[in-house]
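*Asks:* Quick one, fold the following:
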Amino acid sequence: MRILSVLCMLVLLLAPSFSLAHPHFNKTVSVKLPGGAEATIAYQTVPANVSHAENAPDGTFVTPRRPSLELSAAVSAGGTELPAGQYTIGVVKNGADDWSMGLYKGGLNRGDTPDMANVIKLDSMYSSSMGTADHMLIDITPGHGTFEGKAVLTLHFGTMYLAGVLS
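*Replies:* Residues are numbered from 1 along each chain as shown. As a prediction, the model looks like this:
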């Protein structure tokens, strides 16, 4: 009985440290795009597991924990028309060290295999030299370089950094 009491006390004392050791935050980012549409991103700051993405077969859509983008109105994304609605944010593996930002029309449930016919590849820039994000970071920022003057959806996951044109 005494051993059981000691074990219970240890569990009670250690449980909070395990739950605080590695927090994941639910984040929401909202912006007003240049054309007037409201764009809202919702995601969880999951740890970067780049090996999972790197081991994905070429031509697949990879989406860590299914982050979402909600558009209040239609947006012209570098010549591609994105109707108002919900999209799942992810990346498309074109080949080794070659990725594109992708949006899946609608939501995905855990374990779903996305139909590539519903994936929209954005005009994208990929880099593996923008530093390391230990947890996934997604934002909408002003573009630079060839994307100067445009709003871009950015995803930083480990050493993977992608920017995809939204307007």
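
*Asks:* By mean pLDDT, flag the weakest helix or strand of the protein.
*Replies:* Across the helices and strands of the chain, mean confidence by mean pLDDT, DSSP states H and E is lowest for helix 2-21: a mean of 48.

*Asks:* who touches the helix or strand following that one?
*Replies:* Following the chain from helix 2-21 toward its C-terminal end, the next helix or strand by DSSP states H and E is strand 26-32. Taking Cβ atoms under 8 Å, 6 or more residues apart in numbering as the criterion, the residues outside strand 26-32 that touch it are 38-45, 138-140, 151. Backbone N, C-alpha and C define where each C-beta goes, glycine included.

*Asks:* Just put these in JSON lines and tack on neighbour count, secondary structure and pLDDT.
*Replies:* Listed next are the contacts of strand 26-32 as JSON lines, based on neighbours: other Cβ atoms under 10 Å; DSSP: H, G, I helix; E, B strand; the rest coil; pLDDT from 0 to 100:
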{"residue": "38", "neighbour count": "13", "secondary structure": "strand", "pLDDT": "97"}
{"residue": "39", "neighbour count": "22", "secondary structure": "strand", "pLDDT": "98"}
{"residue": "40", "neighbour count": "15", "secondary structure": "strand", "pLDDT": "98"}
{"residue": "41", "neighbour count": "20", "secondary structure": "strand", "pLDDT": "98"}
{"residue": "42", "neighbour count": "17", "secondary structure": "strand", "pLDDT": "97"}
{"residue": "43", "neighbour count": "22", "secondary structure": "strand", "pLDDT": "96"}
{"residue": "44", "neighbour count": "15", "secondary structure": "strand", "pLDDT": "94"}
{"residue": "45", "neighbour count": "17", "secondary structure": "coil", "pLDDT": "91"}
{"residue": "138", "neighbour count": "23", "secondary structure": "strand", "pLDDT": "97"}
{"residue": "139", "neighbour count": "14", "secondary structure": "strand", "pLDDT": "97"}
{"residue": "140", "neighbour count": "20", "secondary structure": "strand", "pLDDT": "97"}
{"residue": "151", "neighbour count": "21", "secondary structure": "strand", "pLDDT": "95"}
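
*Asks:* and the closest residue to residue 48 other than its chain neighbours, what is it in contact with?
*Replies:* Beyond its immediate neighbours in the sequence, the residue positioned closest to residue 48 (Cβ to Cβ, 6 or more residues apart in numbering) is residue 158, lying 3.5 Å away. Residues in contact with residue 158 (Cβ under 8 Å, 6+ apart) are 48-50, 53, 132-134.

*Asks:* Could you check how far residue 158 is from residue 127?
*Replies:* 12 Å (Cβ to Cβ, to the nearest Å).

*Asks:* That concludes my questions; thank you for your assistance.
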